[in-house]
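> this one's sequence-less:
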């Protein structure tokens, strides 16, 4: 997987903060599970009841478009 295979939903997420978007992409690439062909950021930086750390929620898909996993990237 490379940076061109990472999307943000909505597409304008971090559009006015390109450095932060680039940092998130780097974290995704560093934490992608084996076999991941693409990734989609479905929730930007936040905390949740299940994970008190600041994290982004990312869905990882294989080359066929099947969901591999949803991960919290920190």
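Nice, thanks for sending it over. Everything quoted here is computed from the prediction, not taken from an experiment. Residues are numbered from 1 along each chain as shown.

> give me the low-pLDDT residue ranges for the protein?
By pLDDT under 70, the chain contains no weakly predicted segment.

> which stretches in this structure count as strands?
6-8, 38-46, 55-61, 67-73 (DSSP state E).

> can I get those in TSV including distance to residue 14?
Quick note: C-beta positions are derived from backbone N, CA and C, even for glycine. Shown next, in TSV, are the strands of the chain (distance: least, Cβ to Cβ, whole Å):
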stretch	distance to residue 14
strand 6-8	7
strand 38-46	7
strand 55-61	10
strand 67-73	13
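
> what's the most buried one of those strands?
strand 55-61 (a mean of 20; mean count of other Cβ atoms under 10 Å).

> ok, residue 73 touching residue 51?
No. With contacts counted by Cβ atoms under 8 Å, residue 73 stays clear of residue 51, the gap being 10.8 Å.

> against residue 53, how distant is residue 7?
23 Å (Cβ to Cβ, to the nearest Å).

> tell me the bridge partners for the closest residue to residue 6 other than its chain neighbours.
Residue nearest to residue 6 in three dimensions, not counting chain neighbours: residue 39, with 4.9 Å by Cβ to Cβ, 6 or more residues apart in numbering. Beta bridges link residue 39 to residue 6, residue 60 when assigned by DSSP bridges.

> I figured residue 39 was touching residue 61, is that so?
Yes. The criterion here is Cβ under 8 Å, and residue 39 meets it with residue 61 at 7.1 Å.

> who touches both of the two?
Counting by Cβ atoms under 8 Å, 6 or more residues apart in numbering, no residue touches both residue 39 and residue 61.
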